[in-house]
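# need coordinates for the following:
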Amino acid sequence: MHTKTSPYRLQYLDWVRGIGALIMLHGHVWDSFLRDDLRSGGPYTLSQFLGGMPPAIFLFLTGVTLAFLMDSAERKGMTARERVIEVFRRSRYLFFLAFAFRIQLWIFGIPAPWQDLLRVDVLNCMGFSIAMLSVMSVFRTADRVKLCAVLGLGIAFASPLVSQMNWSFVPWMVRGYVVPDYKFFGFFPWGAYLAFGVSAGSAIRVIPQEAMERAMQWAALIGGGTIVACQYFASLPYSIYAKSEFWLNSPAQVLTKQGVTMVLLAVAFLWTRYGARDGWSWVRQFGTTSLLVYWVHIELVYGRGLFFLKNSLNEAQTALAAVFVILLMLGISV
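Now for the predicted structure:
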């Protein structure tokens with residue numbers, strides 16, 4: 001059964017995206033402005049720990065909207081070939097944004113190495129992952145719920161194995177799209193979040209509106225259980241892999257972030273239904289303009305505009321700078 005998704009039901013997605021944008025702004029300000037001698041302290045560690053969540057959130061929500069596109073193409077009666085082409089158009093659009101973003105940063109940073117133009121950032125990862133998952137559009141929406149969930153698990157659990165393979169013969173700009181790397185957003189493991197998003201978005205399309213609240217309760221329970229289970233298995237003294245790094249390619253790390261995202265999704269759903277007031281919301285404002293906020297703040301925080309603040313502030317000053325940047329981005333967003 002297909003159920004059309006109303007704008008009211010989608011508000012919670014903007015809230016989750018807005019929360020991701022706020023965490024991103026806070027983490028990047030601390031990463032850029034805090035003095036080096038203070039980076040072993042608790043506030044910085046917490047900011048960077050949370051700072052790993054926004055890419056996972058954005059990739060997951062990109063998967064959700066991709067699932068909506070696939071479902072819409074299916075309901076329009078498009079052929080399998082036409083549906084795949086429609087998905088590739090979305091991939092092409094994101095690749096255009098990714099390279100436009102890199103070109104702008106490179107021009108503003110001249111003199112800068114030409115290799116920066118080919119850096120695999122989160123937008124590149126989105127475009128590549130969508131292309132890799134385009135085949136999912138040939139299946140029915142109900143089938144994609146299970147298929148993409150399994151695919152996401154497969155990407156997560158294969159990531160340590162991909163790291164162990166010999167990639168020395170592959171050009172670095174290609175490796176960046178595939179192999180786990182601390183500096184890039186490779187398909188392994190980051191593509192797992194987009195696959196999970198397609199699964200969740202497909203579920204949102206087929207679940208009747210009157211059953212959505214119960215589904216979100218299950219999402220919160222599954223997310224919470226996933227977090228607890230992953231932390232337990234990550235603390236065990238042995239592993240099924242010959243080599244695995246928690247923050248680089250560990251399935252436990254991927255599924256922990258996915259669990260947090262599912263809990264946030266459920267909380268945002270309940271908040272927009274029972275707690276949020278009608279009208280304008282500054283959190284949702286960030287969510288509806290997250291690409292603009294991402295694009296502008298990277299140049300502001302890491303570019304030359306505020307060069308005099310780089311690695312020069314104490315913790316209190318950095319906290320104030322984070323508030324300033326958030327308010328400035330909110331003003332630009334509005």
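# make it CA atoms for all contacts and neighbour counts henceforth
Noted.
# and the helix or strand of the chain with the lowest mean pLDDT, what does it pack onto?
Lowest by mean pLDDT, DSSP states H and E among the helices and strands of the chain is helix 42-51, with a mean of 88. Contact analysis of helix 42-51 by 3 or more CA pairs under 8 Å, 6 or more residues apart in numbering; DSSP states H and E lists helix 7-33 as its packing neighbours.
# what about the helix it packs on, average pLDDT?
Throughout helix 7-33, pLDDT has a mean value of 91.
# stretch 80-92 too?
Stretch 80-92 carries an average pLDDT of 98.
# pull out the buried positions in that stretch.
80, 83, 84, 85, 86, 87, 88, 90, 91, 92 (16 or more other CA atoms under 10 Å).
# contacting residues around the least confident helix or strand of the chain?
Applying CA atoms under 8 Å, 6 or more residues apart in numbering, the external contacts of helix 42-51 come out as 23, 24, 26, 27, 28, 30, 31, 38, 39, 315.
# wouldn't the first one be in contact with residue 54 here?
Spelled out, it's residue 23. Yes. At 6.6 Å, residue 23 counts as touching residue 54 under the criterion of CA atoms under 8 Å.
# look at the two and report which has more neighbours.
Neighbour comparison, residue 23 and residue 54: the larger count goes to residue 54, with 23 against 19 (by other CA atoms under 10 Å).
# burial of the nearest residue to that one once chain neighbours are set aside, as a residue count?
Computed as CA to CA, 6 or more residues apart in numbering, the closest residue to residue 54 that is not its neighbour in sequence is residue 20, at 4.6 Å. Neighbour count of residue 20, defined by other CA under 10 Å: 26.
# which ones are touching residue 20?
Contacts of residue 20 by CA under 8 Å, 6+ apart are 53, 54, 57, 58.
# please apply the same query to residue 98.
So residue 98 contacts 121, 123, 124 (CA under 8 Å, 6+ apart).
# which of the residues in the helix or strand containing the last one are buried?
Mapping residue 124 onto the secondary structure by DSSP states H and E places it in helix 122-132. If you call a residue buried by 16+ other CA under 10 Å, then helix 122-132 has these buried ones: 122, 123, 124, 125, 126, 127, 128, 129, 130, 131.
# just how off-centre is it within its chain?
11 Å (CA atoms, centre = their mean, to the nearest Å).
# got the contact list for it?
Helix 122-132 has contacts (CA under 8 Å, 6+ apart) with 55, 59, 62-63, 66, 87-88, 90-95, 97-99, 177, 185-187, 190-191, 194.
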